[in-house]
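> Sequence first, then the predicted structure, then my questions.
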Amino acid sequence: MRFSINFVLPAILAFTFIYQSVSASSTMTFEELMGVEKTVVDSDEVRQQLQKSAVLLSNYEIEAKKLVRMTENGSDSQTISAQASQLLDLSEVVIDSARFRLPQCDEYLAKSIAVRDSLNDISHAQLEKDYHHDGALPSAPSECYHAKDLFIHPATVLVLTRDDPALSEETKNAIQREITEVLAHTEYVRQLVLY
């Protein structure tokens, strides 16, 4: 039996998306993703904002991969912290678009990024409990989780480097896990916010 490229390529792309969906810590099926209510994009201004967010999300992925390589190549904690701060900045613009497209996530995402003011003082355990596991956040539908993680994972890297500026092997591994995990969330955000 012969398959045309018109059948095989979409099947491969769908499989890749499903695989990424299963890899993320909170999964959504394709049907769930397609069923999420979104604000309609009906103006050029909004389209331009979403285009900007699309570029920034791509940049986020590139910079996140650089951060993983930095930990592998022995970069110091200041360099890694600066890279994590850059990811925070990129994520905030994407999260603004998520707050618009997914109004059901607005309060949840606003409270998630508000932790930025506490990153010099918050403990790693408290960040995990209150923001990774949503202890300090209002309840929200599952689609909100992915955009939040664009911010919370690099925030965790900042806390890890603050607490262990010598970057023990354990800390380097934790940083790599944080950033690898957030990369699994970026396709969800792309599907939920940009399309």
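Alright, I've got the coordinates.
> What is the longest helix of this structure by residue count?
Ranked by number of residues, the top helix in the chain under DSSP state H is helix 44-72.
> Can you list the buried residues in that helix?
Within helix 44-72, the residues scored as buried using 16 or more other C-beta atoms under 10 Å are 49-50, 53-54, 56-57, 60-61, 63-64, 67-68, 70-71. C-beta coordinates here come from the backbone N, C-alpha and C atoms, glycine included.
> tell me what that helix is packed against?
Contacts defined by 3 or more C-beta pairs under 8 Å, 6 or more residues apart in numbering; DSSP states H and E place helix 44-72 against helix 77-101, helix 143-163, helix 169-189.
> and of those helices, who's closest to M34?
helix 143-163 (11.1 Å; C-beta to C-beta).
> So which other helices or strands are in contact with that closest one?
Helices and strands touching helix 143-163, by 3+ C-beta pairs under 8 Å, 6+ apart, are helix 44-72, helix 77-101, helix 106-113, helix 124-127, helix 169-189.
> Pull stretch 28-46 out as PDB, backbone CA atoms only.
Only the C-alpha atoms of stretch 28-46 are listed here, as PDB (Å, rounded to 0.1, in the frame of the first residue of the first chain):
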ATOM      1  CA  MET A  28      -4.100  17.700  27.300                       C
ATOM      2  CA  THR A  29      -5.500  15.700  24.500                       C
ATOM      3  CA  PHE A  30      -5.700  17.200  21.000                       C
ATOM      4  CA  GLU A  31      -9.500  17.300  21.400                       C
ATOM      5  CA  GLU A  32      -9.200  19.200  24.700                       C
ATOM      6  CA  LEU A  33      -6.800  21.700  23.100                       C
ATOM      7  CA  MET A  34      -9.200  22.300  20.200                       C
ATOM      8  CA  GLY A  35     -12.100  22.700  22.700                       C
ATOM      9  CA  VAL A  36     -10.600  25.500  24.700                       C
ATOM     10  CA  GLU A  37     -12.500  28.700  24.600                       C
ATOM     11  CA  LYS A  38     -10.500  31.600  23.300                       C
ATOM     12  CA  THR A  39     -11.000  35.300  22.700                       C
ATOM     13  CA  VAL A  40     -11.600  35.800  19.000                       C
ATOM     14  CA  VAL A  41      -8.900  37.700  17.100                       C
ATOM     15  CA  ASP A  42     -10.700  40.400  15.300                       C
ATOM     16  CA  SER A  43      -8.400  43.300  14.900                       C
ATOM     17  CA  ASP A  44      -5.100  44.100  13.300                       C
ATOM     18  CA  GLU A  45      -3.700  45.300  16.600                       C
ATOM     19  CA  VAL A  46      -4.400  41.900  18.300                       C
END
